[in-house]
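Participant: quick one, what's the 3D model for this:
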Amino acid sequence: MDSAKQIIRDVPDFPKEGIIFKDITPLLGEPVAFQKTINSLKNRYADKSIDAVVGVEARGFIFASALAYALGTGVVMVRKPGKLPYKTFQETYSLEYGTDTVEIHQDAFRSGQNIILIDDVLATGGTMAATLDLIQKNFENVKVLEVAFLIELDFLNGREKLKDTPIYSMIHY
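Facilitator: Model prediction:
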């Protein structure tokens, strides 16, 4: 993944001063690098009997869709409130200054399914922790096999919020 790491660009002071944003859009725009990324994930999960890949809004949708296609599985979206058209479960979680909420369709999974969750970046871990809580509270017979990220910002200690869930990050900063 060293080649992918070289393609991801740093954008200083985005979205606010003092933050160095890891911009994945050059990786997405480079066909060979994007294909290698998805193939690497496919190889990791090919023999794990995955039934669905869960993508977290918004960049997680990109990786979830491509990976689900590569694995021949379904894709499930976790979205911000009011974006899903059917009945939803929701989970509200704390942010540094306030709260946020994630939602999932009530019929997103069938009993006994094995799933993985994916997003682009593991930073503080709040959104993914809320997503895990959302799924675990509302879908008793669904097994989360692993949570995957393209990038993990190790210095933010986001994995601490993900409890005992197996985590795989392709690139570490």
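
Participant: what's the longest helix in the chain?
Facilitator: helix 31-45 (DSSP state H).

Participant: could you pull out the helices in this structure for me?
Facilitator: 2-7, 25-29, 31-45, 59-71, 126-138.

Participant: can you give me the buried ones in the longest helix of the chain?
Facilitator: Neighbour counts over helix 31-45 (16 or more other C-beta atoms under 10 Å) mark 33-34, 37-38, 41, 45 as buried. To be clear about C-beta, it is placed using only N, CA and C from the backbone, and glycine gets the same treatment.

Participant: could I get the helices of the chain as JSON lines with mean pLDDT and distance to Tyr86?
Facilitator: Formatted as JSON lines, the helices of the chain follow (pLDDT from 0 to 100; distance: least, C-beta to C-beta, whole Å):
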{"stretch": "helix 2-7", "mean pLDDT": "89", "distance to Tyr86": "35"}
{"stretch": "helix 25-29", "mean pLDDT": "97", "distance to Tyr86": "29"}
{"stretch": "helix 31-45", "mean pLDDT": "97", "distance to Tyr86": "27"}
{"stretch": "helix 59-71", "mean pLDDT": "98", "distance to Tyr86": "17"}
{"stretch": "helix 126-138", "mean pLDDT": "97", "distance to Tyr86": "14"}
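
Participant: hang on, the earlier thing: now the longest helix of the chain - C-alpha only, CSV.
Facilitator: The C-alpha trace of helix 31-45 is given here as CSV (Å, rounded to 0.1, in the frame of the first residue of the first chain):
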residue,chain,number,x,y,z
PRO,A,31,-7.6,3.5,-11.9
VAL,A,32,-4.7,1.2,-11.2
ALA,A,33,-4.3,2.4,-7.6
PHE,A,34,-8.0,2.2,-6.9
GLN,A,35,-8.2,-1.2,-8.4
LYS,A,36,-5.2,-2.4,-6.3
THR,A,37,-6.9,-1.1,-3.2
ILE,A,38,-10.2,-2.9,-3.9
ASN,A,39,-8.4,-6.1,-5.0
SER,A,40,-6.3,-6.1,-1.8
LEU,A,41,-9.5,-5.9,0.3
LYS,A,42,-11.2,-8.5,-1.9
ASN,A,43,-8.3,-10.9,-1.2
ARG,A,44,-8.5,-10.3,2.5
TYR,A,45,-12.2,-11.1,2.6
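
Participant: many thanks, I have nothing further to ask.
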